[in-house]
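Asks: Generate a structure from the sequence data that follows.
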Amino acid sequence: MKRLAQPYCYSDPGMTRHLYLLRHAESAEKQSGQSDKDRSLTPRGLRECVVIGTYLYQQNISFDCILTSTAQRAEDTARFVADAMKMDTEKISVVEELYEASSRTFFQFLSGLDDRFNTILIVGHNPVITYVTEYLTQSEIGDMATGGVAAIKFSIHSWKEVSQGNGELENYTHPGILQPD
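Replies: Here you go, the predicted structure:
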């Protein structure tokens, strides 16, 4: 996994862009003296990663890159989902500004994405991941479940054009739907 200030991801430019927003999988409660960033996935969280990664793989979804928050639980989610998808983990970039990002910061990040890639996965945190999904699609999904992923399609030439309501929610699912306990 690379740690970059600017993500390194490329594909061919085009008019249709796909954004997948994934809430990190279930994580352990913060322990006394532990940094929030250091919280790890639970055994259930590991299963959630496999379930959602397998689902994405079975749907023949391929990402130009995966961008993840610097929190351990988000990095682990990105890595285990990529493994389940049989993707090269070199496509994962760890991005500091995604950790504790406000909605404004998240939107600035989206509008600054490189137009050379069209299909990306961002692994982040609630409440911003849910808010951004609903804002972009004008769809109500409620509180995004851990391991939940929203697929958003845009008919735009540039990521700079991403704005309120111009995304189409193609799908929202989570491990509890795909593989109930």
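Asks: residues near Ala74, how many?
Replies: Residues lying near Ala74 (other C-beta atoms under 10 Å) number 28. Backbone N, C-alpha and C define where each C-beta goes, glycine included.
Asks: my bad, Glu48
Replies: 28.
Asks: Show me which residues of the strand or helix carrying it are buried.
Replies: Assigned by DSSP states H and E, Glu48 falls within helix 43-58. Buried residues in helix 43-58, counting neighbours by 16 or more other C-beta atoms under 10 Å, are found at 45-57.
Asks: can you put these in JSON lines and add pLDDT and distance to Lys91?
Replies: Shown next, in JSON lines, are the buried residues of helix 43-58 (pLDDT from 0 to 100; distance: C-beta to C-beta, whole Å):
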{"residue": "Gly45", "pLDDT": "97", "distance to Lys91": "21"}
{"residue": "Leu46", "pLDDT": "97", "distance to Lys91": "20"}
{"residue": "Arg47", "pLDDT": "96", "distance to Lys91": "23"}
{"residue": "Glu48", "pLDDT": "97", "distance to Lys91": "20"}
{"residue": "Cys49", "pLDDT": "97", "distance to Lys91": "16"}
{"residue": "Val50", "pLDDT": "97", "distance to Lys91": "18"}
{"residue": "Val51", "pLDDT": "97", "distance to Lys91": "20"}
{"residue": "Ile52", "pLDDT": "98", "distance to Lys91": "16"}
{"residue": "Gly53", "pLDDT": "97", "distance to Lys91": "13"}
{"residue": "Thr54", "pLDDT": "97", "distance to Lys91": "18"}
{"residue": "Tyr55", "pLDDT": "97", "distance to Lys91": "18"}
{"residue": "Leu56", "pLDDT": "97", "distance to Lys91": "13"}
{"residue": "Tyr57", "pLDDT": "97", "distance to Lys91": "14"}
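Asks: Out of these, the closest to Leu22 would be?
Replies: Distance to Leu22, by C-beta to C-beta, is smallest for Ile52 among the buried residues of helix 43-58, at 7.1 Å.
Asks: and that closest one, what is it in contact with?
Replies: 22, 25, 81, 84, 147-149, 173-175, 178 (C-beta atoms under 8 Å, 6 or more residues apart in numbering).
Asks: Tell me how far the nearest residue to Leu98 once chain neighbours are set aside lies from Ser40.
Replies: Nearest residue to Leu98, sequence neighbours excluded (C-beta to C-beta, 6 or more residues apart in numbering): Ser69, at 4.0 Å. Counting by C-beta to C-beta, to the nearest Å, the gap from Ser69 to Ser40 is 14 Å.
Asks: one step back: please export the C-alpha coordinates of the helix holding Glu48 as CSV.
Replies: Extracted as CSV, the C-alpha positions of helix 43-58 are listed here (Å, rounded to 0.1, in the frame of the first residue of the first chain):
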residue,chain,number,x,y,z
PRO,A,43,-13.8,-10.9,13.2
ARG,A,44,-17.3,-9.9,11.9
GLY,A,45,-15.6,-6.9,10.1
LEU,A,46,-13.2,-9.3,8.4
ARG,A,47,-16.2,-11.4,7.2
GLU,A,48,-17.9,-8.2,6.0
CYS,A,49,-14.9,-7.4,3.8
VAL,A,50,-14.9,-10.8,2.2
VAL,A,51,-18.7,-10.7,1.6
ILE,A,52,-18.6,-7.3,0.0
GLY,A,53,-15.4,-7.9,-2.0
THR,A,54,-16.8,-11.2,-3.3
TYR,A,55,-20.0,-9.5,-4.3
LEU,A,56,-18.1,-6.8,-6.2
TYR,A,57,-16.0,-9.4,-7.9
GLN,A,58,-19.0,-11.4,-8.9
